[in-house]
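1. 3D, please:
(one chain, ligands or ions: 2)
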Amino acid sequence: MKTQDLNAQMIEWRHALHQIPELELDVSKTAAYVADLLEGFGLEVHRNVGETGVVGILTRGNGPGCIGLRAELDALPITEATGFDYASTHAGKMHACGHDGHMTMLLGAAKYLSEHGQFNGRVAFVFQPDEEFGTGAATMIRDGLFDTLPMDEVYAIHNLPGMPSGHFATRTGPITASESLFEIEITGQGGHAALPHMGVDVITVGSQIVNALQTIVSRKLDPAQNGVVSVTEFVTDGRRNVLPGKATLSGDARALTPATNAATRAAMEQIVQGIATAHGVTATVQYDTIFEPTINASAPVRAVENAARNVTKHVDGDCPAKLFSEDFAHMANAVPAAFILMGNGTEAHHARPLHSDDYDFNDAGLVPGSSFWVELVEQQLPIQSNH
Ligand SMILES: [Zn+2]
Ligand SMILES: [Zn+2]
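-> Ligands and ions are numbered 1, 2, ... in the order given. Here you go, the predicted structure:
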């Protein structure tokens, strides 16, 4: 693999980044670490694109093509429990999603391509803030990410715990889900626990709503279109001997297409209003879609399959879609894109779910991941030797 010689260097960068996790758009230490390295490799570096985002541009020859490769700068508000000697030094913050590894793979590719790259055109190394809360990609796009630097295609890798290390998987069409947060407020008439007929008990009404919401996925969505509706909170103002007059149901809904998300929202509104009317209470539904589905375009997916086969024979070009969400959806809406999953391993910390306090990015993925980026760039921006 092309970046094998950078393995020790990349492990050092990854562990350094792991020790300084930062949150949301407030990632200036991490951004400076990345930008300084890119400058050291001789790239043209743009800082503060979309508040704290960084873009490094590497140019070879005069080819008109430009491809974007994305990594994430941000971490999570989690207290690390790995006990590693390179554990987080920022209390209550942790790289528990492997973004430290994603950044390092891009840095490795940038260093290799700056020294040995066989390509003709431009590569944009895009480091976005706030992937986890979903504002970073949009912030960079609003700040002109694709206007000042038009890209033909854009790509991103995310590690996947439980899949063997260094295996690649992707698919054409939806690959990650939309995420919508909902809040249903029910207002009835509370009162004495022994006199239920004098009011309208919102626990009884709310329970019916919770049960009926389970029919959205099982009975209202096309079975071929995946969705999830989870009620995660049921809060009332009742006491042990006082029937509540107000209840709030909150939760999270996922869908793989905008149409399924819209159908989920419409079904929720209909169920809530129907049950509320039947019991003579009022109810409101607030439904906010905070992540859109990431939709992979077919040509970039084929490019990924071809490039990945130079790194490993374990390439799945038609993997199942994932019901987690990705801020990369905004970039994939703007430019033909592919979001790629890379196995993080099947043992111990490497198989723990993303966002666990004992999750760890597998350093064994650094060479395959960065070598894949190199192969992709050289394949997509070829040197035309016979012209
Ligand atoms: Zn995450
Ligand atoms: Zn992530």
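2. does residue 169 have beta-bridge partners, and which?
-> residue 316, residue 341 (DSSP bridges).
3. Hmm, it is touching residue 340, no?
-> Yes. Using CB atoms under 8 Å, residue 169 is in contact with residue 340, at 7.5 Å. Bear in mind the C-beta positions are built from the backbone N, C-alpha and C, glycine included.
4. Those two: who's more crowded?
-> Per other CB atoms under 10 Å, whichever of residue 169 and residue 340 has more neighbours is residue 340, with 26 against 21.
5. isn't that one right next to residue 304, touching?
-> Yes. Counting by CB under 8 Å, residue 340 does reach residue 304; the two are 5.4 Å apart.
6. okay, and the common contacts of the two?
-> Residues touching both residue 340 and residue 304 comprise 155, 168, 170, with contact defined as CB atoms under 8 Å, 6 or more residues apart in numbering.
7. Please tell me how far the closest residue to the last one other than its chain neighbours sits from residue 319.
-> Spelled out, that is residue 170. Leaving aside its sequence neighbours, residue 170 sits nearest to residue 340 (CB to CB, 6 or more residues apart in numbering; 4.7 Å). As judged by CB to CB, to the nearest Å, residue 340 and residue 319 stand 10 Å apart.
8. Also residue 161?
-> 15 Å.
9. more crowded one of those two?
-> More crowded of residue 161 and residue 319, by other CB under 10 Å: residue 161, with 20 against 17.
10. so what's the more buried one up against?
-> Contacts of residue 161 by CB under 8 Å, 6+ apart are 344, 345, 350, 351, 352, 353, 354, 359.
11. Same question for residue 372.
-> By CB under 8 Å, 6+ apart, the residues touching residue 372 are 157, 168, 307, 308, 310, 311, 340, 342.
12. what sits against residue 39?
-> Going by CB under 8 Å, 6+ apart, residue 39 touches 45, 56.
13. Give me the residue ranges of the stretch 201-350 of the chain where confidence is low.
-> Within the stretch 201-350 of the chain, no range satisfies pLDDT under 70.
14. can you map out the strands along it?
-> Ranges of strands in the stretch 201-350 of the chain, per DSSP state E, counting those that start in this stretch, are 227-236, 242-243, 246-255, 282-291, 294-296, 315-316, 337-343.
15. Just send those strands back as a markdown table, with distance to residue 328 too.
-> Formatted as a markdown table, the strands of the stretch 201-350 of the chain follow (distance: least, CB to CB, whole Å):
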| stretch | distance to residue 328 |
| --- | --- |
| strand 227-236 | 20 |
| strand 242-243 | 47 |
| strand 246-255 | 16 |
| strand 282-291 | 10 |
| strand 294-296 | 5 |
| strand 315-316 | 19 |
| strand 337-343 | 5 |
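16. outside of stretch 222-234, which residues touch it?
-> The contact list for stretch 222-234 (CB under 8 Å, 6+ apart) reads 177, 206, 210, 213-214, 216-217, 221, 247-257, 259-261, 264, 268, 321, 323.
17. Emit the PyMOL select command for whichever of those are buried.
-> The buried residues among those can be selected in PyMOL (16 or more other CB atoms under 10 Å) with this line:
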select buried, resi 177+206+213+216+217+221+247+249+250+251+253+254+255+256+257+260+261+264+268+321
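18. among the contacts of residue 161, which are in helices?
-> Members of those lying in helices (criterion: DSSP state H): none.
19. Going through those, which ones are buried?
-> Among the contacts of residue 161, those classed as buried by 16+ other CB under 10 Å are 344, 345, 350, 351, 352, 354, 359.
20. Can you pick out the most distant pair from these?
-> 345 and 354 (12.9 Å; CB to CB).
21. Would you mind getting the angle between the lengthiest helix in the chain and strand 246-255?
-> Secondary structure assigned by DSSP H gives helix 258-279 as the longest helix of the chain. With axes from the mean of the first three to the mean of the last three CA atoms, to 10 degrees defining the directions, helix 258-279 sits at 160 degrees from strand 246-255.
22. Show me what counts as buried in helix 258-279.
-> Within helix 258-279, the residues that count as buried by 16+ other CB under 10 Å are 260-261, 263-265, 267-269, 271-272, 275-276, 279.
23. Could you do stretch 70-90 as well?
-> Buried residues in stretch 70-90, defined by neighbour count with 16+ other CB under 10 Å: 70-76, 78, 80, 82, 86-88.
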